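Trainee: sharing a model that was predicted from the sequence below.
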Amino acid sequence: EKTGAYDNIISVIDRNMLIFDPKDNDDECFFFKGKKQGRRDLNKKAKKDKTFTFDNIYDADSTNQEIFEGTTKNVVGTLMEGYNCCVFAYGATGAGKTFTMLGAKDKPGIIYLTMKEIFSKVEETDDTSFDIFMSYLEVYNESIRDLLQDNKAQLNIREDVKNETTIPGLSVHKPKTPDQVLSLLSYGNSNRTQHPTDHNKESSRSHAVLQIIVQQKPKDAGLSAEIKTAKLSMIDLAGSEKGTATGHKGARFREGANINKSLLALGNCINSLASGSKYIPYRDSKLTRLLKDSIGGNCATVMIANVSPSSITYEDTLNTLKYADRAKKIKIDLKKNVKNVDFHIAQYAKIVEDLRTEIVALKDKIKLLELENQELKHGSIQDVEMKEVGVEQPDDVRLVTSLKAQLSALIERQKDYDELQRKVKEFEKQASAEQKKAGDSDVDAELESMLEARKILVEKIGNEKALLSSLELRVHFKRLQDERCDLVCLIQYEKEKSALKTQKTVESLTRKIEKKNERVTSLMNELGVLSKSIADHIANNPDSSTARSAPAQSTLVEHKAENSLLHEVIHNMEAELQRLHGDLCASLPLLLSNEKLLRGHGIQGKAAKDEFKELQNRIQGNQQITWAENLNNSVNTNPELATSIYKQCSRLDFPNLRSRRCSSIEQRKLFADSTLQAPGEDEPDRVSFFPSPVKEIASSVSLNPPSSCSLNPPSA
């Protein structure tokens with residue numbers, strides 16, 4: 001560039017403003033045949049003289065330390081407060097992005113200086129424990145590879161339930177010092193894909209992403225702690241380039257095309273975010289999927305745009321400046337990543353051990369302060385002895401100043417000593433309380449894990465049963481619909497067509513029901529094996545608090561699963577009821593119109609009028625009262641009551657539910673109205689899968705709804 005006598009197209013005005021392609025003083029006018037002309041010289045290209053403003057602007061003489069102080073140092077404080085942060089360098093190839101981020105041996109880059117600042121913040125904080133994790137990857141030809149592993153296996157991007165981007169299989173390291181970070185970076189950069197081009201002899205052919213995760217937890221946290229988890233992403237983007245400029249074909253040309261593709265996708269995302277568009281095309285490239293949280297989510301982002309002032313990169317420099325100017329308009333919403341975590345009781349021992357370690361460290365500090373106080377006291381006694389002997393003392397002013405300084409130091413040390421004593425007493429009290437609580441607890445960890453596995457299995461059975469119930473109800477509703485179609489169709493062909501359609505649908509649903517039944521049966525067998533193991537374990541260890549509460553927990557889990565199933569059945573019945581209500585409301589005006597037409601022509605008989613009147617009374621709810629005796633007789637003579645489709649769909653065949661459910665008509669009447677219980681009538685026997693201390697209470701209180709509360713007669 002120097003030998004080619006290229007022009008300087010960047011003029012830095014101050015720390016916030018620059019001019020791209022500024023005008024020269026001799027460009028304002030020119031002379032032709034010795035006369036000054038008022039128009040510009042058409043033989044020369046017009047200067048753009050475009051002004052750009054940014055938060056910070058650094059010229060060619062600036063160092064990486066100055067850039068770090070002005071851009072990234074404040075990000076470290078934001079990271080320590082629990083916010084996600086991101087720093088990435090963007091620019092054309094050869095503009096100095098990699099040097100800015102990684103630096104050299106004698107000129108460390110942004111990444112090393114940032115990690116050094118993070119570790120210094122950690123050392124300055126005494127009351128918080130830190131865990132720092134690190135991963136390093138590259139995006140090469142739209143594939144992701146771990147730079148800290150020797151194998152070159154491709155990794156995939158996944159999104160969890162919180163829409164956060166994760167990469168399964170990515171190695172995570174835990175550095176202790178900035179030097180370890182630098183060594184890991186050196187190893188990762190040796191694995192990074194690079195190849196010389198006509199623009200740059202060490203051109204990066206991939207995007208490098210360094211992720212730092214910082215977890216913070218108070219050292220005096222007990223069983224409940226507030227944990228801050230923040231992620232810092234530092235990205236060195238590959239430079240955009242032209243095929244004609246790099247001078248390569250084949251593999252290098254495909255690399256450049258993939259680089260431009262990912263950068264174009266990133267530019268489209270920035271344009272959409274800056275314009276406030278609702279749809280952001282993050283999925284156009286794997287790079288934008290990785291930067292989804294960094295550029296448009298819960299993240300404080302710093303963009304470092306590297307440009308060359310030479311006119312040989314005129315278009316690349318202009319595009320980079322426009323790119324950065326658009327990125328200024330992006331607005332993000334920052335949220336702290338703080339979670340309140342309740343530790344499990346099995347972690348009592350570790351918490352007590354951490355508190356003891358903290359107490360030992362504070363006691364050592366107190367001993368050092370006591371020794372310093374004794375030395376100071378001994379030194380003051382020696383000064384008094386020297387005065388008695390008659391040793392020459394300094395003048396009064398120096399003596400008063402020295403004594404004041406010593407007094408201030410002693411006062412500060414006494415405050416530190418008192419504060420440390422208070423903390424030691426507080427930690428000892430907390431440690432003893434936690435140790436006592438841990439010693440008094442008789443939790444059976446193995447039984448708890450078995451109960452948790454049983455809970456998950458019961459929930460799976462409930463979910464499968466809910467799907468099975470939906471399929472069974474659909475079959476039932478289809479058959480009822482076929483009956484209604486048989487009544488309403490006028491032509492035999494329409495009846496046969498409706499019956500054939502219903503038959504095909506029912507056959508398809510029946511096959512699905514059979515598969516679901518096999519799945520439920522398999523899960524029930526697993527539940528039986530697990531329940532037997534739990535029962536054997538309780539029989540061998542019946543004295544623990546977990547064993548005593550296991551029956552109640554199991555019963556509660558089963559009732560919750562059946563309640564969820566009942567809600568699903570009610571939802572399906574409500575949808576069908578609303579559909580039938582709509583059909584009925586649509587058919588009643590037609591029925592009324594036909595009735596008026598028949599009566600107007602006088603061709604309706606008395607029997608038809610009586611039937612219409614009876615139907616009208618039923619729709620208006622003017623049915624006659626059915627006495628309880630007749631109702632009981634009808635219930636007793638109806639064998640379908642006990643095998644109703646709705647009852648089958650809304651029940652789970654669990655051991656605890658089976659023993660607490662009404663099994664006969666007499667029991668249903670008994671639990672429906674306790675005042676009707678005949679004197680001396682025995683209470684039905686109940687058998688529980690677990691020996692339960694609340695057996696007597698459960699035998700007198702029914703947890704199932706009364707059988708007389710029916711949503712669709714004649715079902716129970």
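Mentor: Sure thing, it's come through. Numbers count the residues shown, from 1 in each chain.

Trainee: which strand or helix spans Cys269?
Mentor: helix 251-275 (DSSP states H and E).

Trainee: can I get stretch 74-87 in CSV, CA atoms only?
Mentor: Coordinates of the C-alpha atoms in stretch 74-87 are reproduced here as CSV (Å, rounded to 0.1, in the frame of the first residue of the first chain):
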residue,chain,number,x,y,z
ASN,A,74,-16.7,-1.8,31.4
VAL,A,75,-18.2,-5.1,30.1
VAL,A,76,-16.4,-7.0,32.8
GLY,A,77,-18.3,-5.1,35.5
THR,A,78,-21.5,-5.8,33.7
LEU,A,79,-20.6,-9.5,33.5
MET,A,80,-20.0,-9.6,37.3
GLU,A,81,-23.4,-8.2,37.9
GLY,A,82,-25.0,-11.3,36.2
TYR,A,83,-25.7,-10.0,32.7
ASN,A,84,-24.7,-11.8,29.5
CYS,A,85,-22.1,-10.0,27.4
CYS,A,86,-20.6,-10.3,23.9
VAL,A,87,-17.6,-8.7,22.2
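
Trainee: give the buried residues for the helix holding Cys269.
Mentor: For helix 251-275, the neighbour count (16 or more other CB atoms under 10 Å) marks 252, 255-256, 258-260, 262-263, 265-273 as buried. C-beta: built from backbone N, CA, C; applies to glycine.

Trainee: with stretch 459-477 instead?
Mentor: 460-462, 464-466, 468-477.

Trainee: one more: stretch 55-72?
Mentor: Buried-residue list, stretch 55-72, by 16+ other CB under 10 Å: 57-58, 64, 67-68, 70-72.

Trainee: distance between the ends of it?
Mentor: Start-to-end span of stretch 55-72 (CA to CA, to the nearest Å) is 12 Å.

Trainee: again, but for stretch 274-291
Mentor: Start-to-end span of stretch 274-291 (CA to CA) is 15 Å.

Trainee: give me the contact list for that stretch.
Mentor: 86, 88, 139, 142-144, 157, 165, 207, 209, 233, 235, 237, 261-263, 265-266, 268-269, 272-273, 292, 296, 326-327, 329-330 (CB atoms under 8 Å, 6 or more residues apart in numbering).

Trainee: what residues does stretch 9-24 touch?
Mentor: By CB under 8 Å, 6+ apart, stretch 9-24 touches 47-57, 59, 307, 309-311, 314, 317-318, 321.

Trainee: quick one: end-to-end length of it, please.
Mentor: Taking CA to CA, stretch 9-24 runs 11 Å from one end to the other.

Trainee: secondary structure element holding Glu507?
Mentor: Applying DSSP H and E, one finds Glu507 within helix 492-540.

Trainee: give the other helices and strands that that helix contacts.
Mentor: For helix 492-540, the packing partners by 3 or more CB pairs under 8 Å, 6 or more residues apart in numbering; DSSP states H and E come out as helix 445-488, helix 545-601.

Trainee: and of those, who's closest to Leu523?
Mentor: helix 445-488 (4.8 Å; CB to CB).

Trainee: low-confidence ranges in the stretch 451-600 of the chain?
Mentor: Applying pLDDT under 70 to the stretch 451-600 of the chain picks out no residues at all.

Trainee: if you could redo that for the stretch 151-300 of the chain, that was the one I meant.
Mentor: 195-203, 220-225, 241-250, 297.

Trainee: switch to 90 and redo it
Mentor: 151-154, 157-167, 169, 176-183, 185-207, 216-231, 235-300 (pLDDT under 90).

Trainee: how about the helices in it?
Mentor: Using DSSP state H, counting those that start in this stretch, the helices of the stretch 151-300 of the chain run over 178-191, 243-246, 251-275, 286-290, 292-296.

Trainee: now do the stretch 301-450 of the chain
Mentor: 314-327, 348-389, 396-440, 445-488.

Trainee: measure Thr193 to Arg145 for me?
Mentor: 8 Å (CB to CB, to the nearest Å).

Trainee: let me see the contact set for the nearest residue to Cys485 once chain neighbours are set aside.
Mentor: Nearest non-adjacent residue to Cys485, counting by CB to CB, 6 or more residues apart in numbering: Ser498, 4.2 Å away. Contacts here follow CB under 8 Å, 6+ apart; on that basis Ser498 touches 482, 485-486, 489.

Trainee: selecting buried members of these in PyMOL, what would you type?
Mentor: Of the contacts of Ser498, the buried ones go into a single PyMOL selection, burial set by 16+ other CB under 10 Å:
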select buried, resi 482+485
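
Trainee: closest to Glu412 among the contacts of Ser498?
Mentor: Asp482 (91.4 Å).

Trainee: wait, that closest one sits on Lys504?
Mentor: No: contact between Asp482 and Lys504 fails when scored by CB atoms under 8 Å: they sit 11.5 Å apart.

Trainee: which neighbours do these two have in common?
Mentor: Shared contacts of Asp482 and Lys504, counting by CB under 8 Å, 6+ apart, come down to nothing at all.

Trainee: quick one: Glu564 from Ala92, how far?
Mentor: One thing to correct before we go on: residue 564 is Ser, not Glu. 58 Å.

Trainee: who has more neighbours, these two?
Mentor: Ala92 (23 against 15; other CB atoms under 10 Å).

Trainee: quick check: that one touching Val307?
Mentor: Yes: using CB under 8 Å, Ala92 is in contact with Val307, at 7.5 Å.

Trainee: between those two, which contacts overlap?
Mentor: Here Ala92 and Val307 have 313, 316-317, 320 as joint contacts, going by CB under 8 Å, 6+ apart.

Trainee: just the buried ones from those residues, in PyMOL syntax?
Mentor: Command for PyMOL that selects the buried part of these, burial taken from 16+ other CB under 10 Å:
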select buried, resi 313+316+317+320
